[in-house]
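*Asks:* Everything below, folded, please.
(one chain, ligands or ions: 1)
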Amino acid sequence: MTTIRPFTCDDMFRFNAVQKYFIYSLTLTLQYALTFYLQYLAHWPEYFQVAESCSGHIEGYIMGKAEGHGENWHGHVTALSIAPEHRRLGLAARLMANLEEISEKKRAYFVDLFVRVSNQVAINMYKRLGYIVYRTVLEYYSGDPDEDAYELQALSLVFFATRYWYMDLVVMNTARLD
Ligand SMILES: CC(C)(COP(=O)(O)OP(=O)(O)OC[C@H]1O[C@@H](n2cnc3c(N)ncnc32)[C@H](O)[C@@H]1OP(=O)(O)O)[C@@H](O)C(=O)NCCC(=O)NCCS
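*Replies:* Purely as a prediction, here's the structure:
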């Protein structure tokens with residue numbers, strides 16, 4: 001059985017040696033800057049979650065944040081990874097659903113994320129979860145060679161609710177003019 005629970009600072013150092021691809025992916029993430037992620041965790045603890053087995057093995061994690069101003073206020077997925085042996089069980093979908101729910105509670109208009117254009121598995125998953133390609137960011141990922149990213153977005157219920165409210169207002173005002 002898998003439990004989704006809040007991420008703690010210790011989790012950054014707790015990944016199981018068996019999960020070598022997972023560690024590789026996390027190590028890459030962490031190499032980006034451990035302090036950077038710890039600062040994120042301190043700012044947006046609700047956006048950091050871990051999927052853990054009953055024996056204490058970490059099966060996956062998600063990291064995110066809320067950012068932007070006005071109608072650009074949105075949730076952002078910073079990192080999402082599931083250990084290879086726990087894939088195709090719906091874990092990423094669950095972690096994404098949690099992040100979207102948190103974003104809606106914060107009245108975010110949408111959730112966005114960046115993904116490598118070569119990461120077809122992740123792109124398919126996000127599309128299945130309702131995300132669309134908003135734009136392509138050239139050479140977003142540095143490396144040899146650099147790689148482009150798709151920025152994917154999914155609008156939230158808050159977006160539609162505010163639009164319906166706005167449309168109601170327009171209809172009411174138009175009716176008054178008649
Ligand atoms: C992408 C990733 C997070 C998916 O995690 P997951 O837990 O296996 O995904 P889920 O089981 O929640 O899949 C949800 C849906 O996405 C699609 N999907 C996921 N993995 C897929 C695969 N390998 N092939 C085809 N479709 C896939 C399916 O439609 C799936 O639903 P279904 O199983 O009911 O058909 C995981 O493969 C991973 O950690 N990859 C490496 C890190 C990475 O690429 N992270 C994303 C970077 S932005």
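
*Asks:* After the helix or strand bottoming out on mean pLDDT in the chain, which helix or strand is next? Please name it.
*Replies:* When the helices and strands of the chain are scored by mean pLDDT, DSSP states H and E, helix 20-32 comes last with a mean of 53. Counting by DSSP states H and E, the next helix or strand C-terminal to helix 20-32 is helix 34-43.

*Asks:* So for that following helix, what gets flagged as buried?
*Replies:* By neighbour count with 16 or more other C-beta atoms under 10 Å, helix 34-43 contains the buried residues 37, 40-41. (Glycine included, C-beta is placed from N, CA and C.)

*Asks:* How far does that helix sit from its chain's centre?
*Replies:* 16 Å (C-alpha atoms, centre = their mean, to the nearest Å).

*Asks:* Could I have the CA atoms of it written out in PDB?
*Replies:* The C-alpha coordinates for helix 34-43 follow below in PDB (Å, rounded to 0.1, in the frame of the first residue of the first chain):
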ATOM      1  CA  LEU A  34      20.200  21.400  -3.000                       C
ATOM      2  CA  THR A  35      19.800  24.700  -1.200                       C
ATOM      3  CA  PHE A  36      17.600  25.900  -3.900                       C
ATOM      4  CA  TYR A  37      15.200  23.000  -3.300                       C
ATOM      5  CA  LEU A  38      15.400  23.300   0.500                       C
ATOM      6  CA  GLN A  39      14.400  27.000   0.100                       C
ATOM      7  CA  TYR A  40      11.500  25.900  -2.100                       C
ATOM      8  CA  LEU A  41      10.500  23.300   0.500                       C
ATOM      9  CA  ALA A  42      10.500  26.000   3.200                       C
ATOM     10  CA  HIS A  43       8.400  28.300   1.100                       C
END
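
*Asks:* Lovely, talk soon.
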